[in-house]
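Asks: coordinates only, sequence not included:
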């Protein structure tokens, strides 16, 4: 695993919607896995999900790092540097 400045500079806020993907909950859509933005706490669905809301959130906001929001998973991903940590 590599490190990047984004992975070490995250704030790690609480999840805004701990019950699931923020946009999917609002629209009644489904998701596969969940990811939490470590800049603002947005919870979005992964790229295996139909709507890919976590990546859409990065594209819209530029917030660089997400973390798995799945039980037992502790990895983080930097979109900018395409690095896992």
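Replies: That came in fine, so what should we check first? Bear in mind the structure is a predicted one, so any value in this text is a computation, not a measurement.

Asks: these two touch, right, residue 43 and residue 26?
Replies: No - contact criterion C-beta atoms under 8 Å: residue 43 and residue 26 do not qualify, at 11.6 Å. Heads up, the C-betas are built off the backbone N, CA and C, glycines and all.

Asks: which outside residues touch the lengthiest helix in the chain?
Replies: If you go by DSSP state H, the chain has its longest helix at helix 53-61. Applying C-beta atoms under 8 Å, 6 or more residues apart in numbering, the external contacts of helix 53-61 come out as 21-24, 31, 34-35, 37, 39-40, 42, 44-47, 63-64, 66, 79.

Asks: give me the buried entries from the residues you listed.
Replies: Using 16 or more other C-beta atoms under 10 Å as the burial test, the contacts of helix 53-61 include 21-24, 31, 34-35, 37, 39, 42, 44-46, 63-64, 66, 79 as buried.

Asks: which of the contacts of helix 53-61 fall in helices?
Replies: Reading helices off those with DSSP H, I get 22-24.

Asks: which residues are in contact with the residue of the chain positioned farthest from its centre?
Replies: Note on the chain: the largest separation between a C-alpha and the mean C-alpha position, by C-alpha atoms, centre = their mean, falls on residue 28 (19.1 Å). Contact partners of residue 28, counting by C-beta under 8 Å, 6+ apart, are absent.
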